[in-house]
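In: After the sequence you'll find the predicted model.
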Amino acid sequence: MTKVFVYGSLLSGFSNHGLLKTATFLGPAKTPKGFAMLDLGYFPGVIPSDIHETPIFGEVYEVDDETLQRLDRLEGYHKEEPTSGLYRKMDIDTEFGKATIYIYNNHYGRGGIVENGDWRSYYPNKVRI
């Protein structure tokens, strides 16, 4: 079993959450400082950042190997060449211990930085615009 920190379309109530149907929800969580959330359109990307102090807000799930493989496909993660896909993986400390987070492999977003680090509160306001 692997703990995974999710922060965008995999959050409960969002479009890709069904991929976590067999996962165990551990609870809401936030990253340590040192990350920034980018608006990529219909979903976000998180990158390491030395200048952002706001944590990224999300949820932690415990997933089996099959679910992890589905998440890897969704996120465009390539185990053999982690920096070649859309996302790579990194382990972070959370309220539930170490968890894997998917890190965006680019540094550009359509809408710039999501300043509050919270896709759940940001996205509905974005859609209304």
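Out: Right, received. Where do you want to start?
In: Contacts for the lowest-mean-pLDDT helix or strand in the chain next, please.
Out: The weakest-scoring helix or strand in the chain, judged by mean pLDDT, DSSP states H and E, is helix 119-128 (a mean of 85). The contact list for helix 119-128 (CB atoms under 8 Å, 6 or more residues apart in numbering) reads 7-8, 11, 13-14, 37, 39, 43-44, 57-58, 111, 114, 116. For glycine as for every other residue, the C-beta is placed from the backbone atoms N, C-alpha and C.
In: Can you tell me which of the residues you listed end up in strands?
Out: Within the contacts of helix 119-128, residues falling in strands by DSSP state E are 37, 39, 44, 57, 58.
In: For this structure, which segments count as helices?
Out: Under the criterion DSSP state H, the chain carries helices at the ranges 65-75, 119-128.
In: which helices and strands sit right next to the longest one?
Out: Read that as helix 65-75. Judged by 3 or more CB pairs under 8 Å, 6 or more residues apart in numbering; DSSP states H and E, helix 65-75 is in contact with strand 2-6.
In: Just want the angle from the strand it packs on to helix 119-128.
Out: On the basis of axes from the mean of the first three to the mean of the last three CA atoms, to 10 degrees, strand 2-6 is oriented at 40 degrees to helix 119-128.
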